[in-house]
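A.B. asks: sequence and predicted structure, then a few things I'm wondering about:
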Amino acid sequence: MRIALGISYLGTAYQGWQSQPSGQTVQDRLERALAQFAAEPVHTLCAGRTDAGVHGLMQVVHFDSQIDRAPFSWVRGTNRFLPGDIAVEWAQPVPDTFHARASALGRRYAYVVRESPVRPSIDAGRVGWSFRPLDTDAMQAAAAHLLGEHDFTSFRASACQALSPVKHLTHLGIQRRGAYWRFDFAANAFLHHMIRNLMGCLIQVGQGLKPPDWMAEVLAARDRDAAAPTFSPDGLYFLGPVYDAQWRLPERTAAYDWLP
């Protein structure tokens, strides 16, 4: 039987999603909890790996098991063995043809920035930080250059394993609420560090250090050295993958529509 799970987690204490020898990743903690509940080893495959310090609001995983449990049992039973900063939100049986990563049509992320002359304290680890004021119009003008299908080599980490740097960015929204800015990204797929590198450039434009058209120059350069430094992982949230309706998977919880 194949089971899909929706997972939320605060990534601050973890070395990213993917399992590592240290055992201090979200995948390691989830698989240990699943194994304790199922009384058998469980290996999960996820929709999108996240880096150290990055958070997940609706990571989707699948795994195969011979254990027959009701969906609510997988949720409550697994959560019993998980730390407080990781939770199974839902569980659902799926056909064997479903694959958490390969079946995804797209992926969505949000980045939250606090604009303040003083660094974050209570929300440290959950937001990025700009100590200079940000200009909405300048950032939106820069963002317009990024929409569509492009070669995003300038925003790609050197360790990226993607077969192609060409991705289709379908949405880049920018909104402000008080001292907090939220940047929403949607694409068919993302490169390693792509959003954090895009954020580094958007923040420089927003702070007035670079003009909006500089973004087009960086994109056209297809050279990582042309872009700004990689921005902090603290404010990055994986909102979840997008699937075809045929899989009948739950949507992301509406309570997370605004962050933090």
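C.D. replies: Great, that's in hand. These numbers come from a predicted model, not from an experiment. Residues are numbered from 1 along each chain as shown.

A.B. asks: the residue nearest to Ala216 when sequence neighbours are not counted: how many residues sit nearby?
C.D. replies: Spatial nearest neighbour of Ala216, chain neighbours left out: His145 (4.3 Å); criterion: Cβ to Cβ, 6 or more residues apart in numbering. In short, each C-beta sits where N, CA and C put it, glycine included. Look at His145: counted by other Cβ atoms under 10 Å, it has 19 neighbours.

A.B. asks: how much space between His145 and Pro250?
C.D. replies: Separation of His145 from Pro250 (Cβ to Cβ, to the nearest Å): 35 Å.

A.B. asks: and the residue nearest to Ala216, what's its pLDDT?
C.D. replies: pLDDT recorded at His145 is 98.

A.B. asks: need the contact list for it.
C.D. replies: Applying Cβ atoms under 8 Å, 6 or more residues apart in numbering to His145 gives the contacts 212-213, 215-216, 219.

A.B. asks: now the two most distant members of those residues.
C.D. replies: Pro212 and Leu219 (12.2 Å; Cβ to Cβ).

A.B. asks: now do the buried residues in stretch 171-190.
C.D. replies: Within stretch 171-190, the residues that qualify as buried by neighbour count (16 or more other Cβ atoms under 10 Å) are 172, 174, 180-183, 185-187, 189-190.

A.B. asks: average model confidence for it?
C.D. replies: Here the average pLDDT along stretch 171-190 is 96.

A.B. asks: closest one to Ala141 out of the buried residues of stretch 171-190, please.
C.D. replies: Nearest to Ala141 among the buried residues of stretch 171-190 is Ile174, at 10.5 Å by Cβ to Cβ.
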